[in-house]
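In: Return a 3D structure for these sequence lines:
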Amino acid sequence: MRRSLLPGATALAGVLIAGGAAIRSLHHSPERSFKRAQDALNQDRIIETLMEGTDHETAAYEVTGSKEGPTAVILGGMHGNEINGYQAAADITNWGIDAGRLIVIPLANSVAIERNSRRGPNGDLNRLFPSERTPESTLARAIWRVIEDAAPDVVIDLHRSRGLFNTHQRWIGQVILRTETDGTADTANDVVEYMNDRYVPRSMRFHRFTTTSIHDIDRGSGLLVQKVHHDMGVPGFLVELTDFLLDLNTQLRWTTALTERLLEQYGIQRAV
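Out: Numbering: from 1, shown residues only. A predicted model of the protein is given here:
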């Protein structure tokens, strides 16, 4: 009996050790991650500097296609320790697209990113966007103004959770949280199916993506995508990857692929 259990126990130990190493690799050098994102930014595409001259200074970028088309707003770094989101958004500033435009705020919460912290000096930035009211900090108001000026057809906010939805009680990783705007359920379902078929190995069944309405999860009030839905009638998606047994490179690759697929559903095709 002891011998029959050894292979399974050894395999489990290997998974746990590898998973621990993967999680540690995410956090071992936040400074390096921030520097990598800064270096990736396409400075020629800056259209506005928000909070210029303050600790919160950050930039908005515009990526335009050769033809007219829809507009999408993409945000990363609302929470400063969610590296995959801000690195993916920084990379997107270098994309080419066939039509339409992208407005990208890659390092939304620059102070929190520098500190590798979820929260900035004014608390959780993604709780400062109450529906039908003025955003509750100077930075939140600056971000909201950029979104209003963009008049987007869709808003995508990139995040990362510690655990897995329906596996770990507190966490919601591997989920596309969608607003209840018309069409978002079908769109999210398509993206989930695509990611699970093309990217998530069958051996990682707990990491398969799913989707649910953001209103069905108690995340509190003040979320940006909720305000986008309520105040503008625009579809919003809050993308949550996980760092549970998932290395940063994989998180980044999946975040990028998922965002690309979402944009395709709204008529914005990345140019190869």
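In: This protein: strands as residue ranges?
Out: Assigned by DSSP state E, the chain shows strands spanning 46-50, 58-64, 67-75, 99-105, 154-161, 175-178, 210-213, 236-242.
In: Adding mean pLDDT and distance to Asp124, write the ones you listed out as CSV.
Out: Placement of C-beta: from N, CA and C, glycine included. Converted to CSV, those look like this (pLDDT from 0 to 100; distance: least, C-beta to C-beta, whole Å):
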stretch, mean pLDDT, distance to Asp124
strand 46-50, 98, 18
strand 58-64, 98, 17
strand 67-75, 97, 14
strand 99-105, 98, 17
strand 154-161, 97, 12
strand 175-178, 97, 16
strand 210-213, 96, 21
strand 236-242, 97, 13
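In: Take these and lay them out in JSON lines including mean neighbour count and distance to Val272.
Out: Formatted as JSON lines, the strands of the chain follow (neighbours: other C-beta atoms under 10 Å; distance: least, C-beta to C-beta, whole Å):
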{"stretch": "strand 46-50", "mean neighbour count": "15", "distance to Val272": "25"}
{"stretch": "strand 58-64", "mean neighbour count": "21", "distance to Val272": "15"}
{"stretch": "strand 67-75", "mean neighbour count": "20", "distance to Val272": "16"}
{"stretch": "strand 99-105", "mean neighbour count": "23", "distance to Val272": "14"}
{"stretch": "strand 154-161", "mean neighbour count": "24", "distance to Val272": "21"}
{"stretch": "strand 175-178", "mean neighbour count": "26", "distance to Val272": "24"}
{"stretch": "strand 210-213", "mean neighbour count": "16", "distance to Val272": "27"}
{"stretch": "strand 236-242", "mean neighbour count": "26", "distance to Val272": "22"}
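In: Quickly list what the residue minimising distance to the centre of the chain is bridged to.
Out: Central residue of the chain (C-alpha atoms, centre = their mean): Leu158, 1.0 Å from the mean position. In this entry, Leu158 is beta-bridged to Val239, by DSSP bridges.
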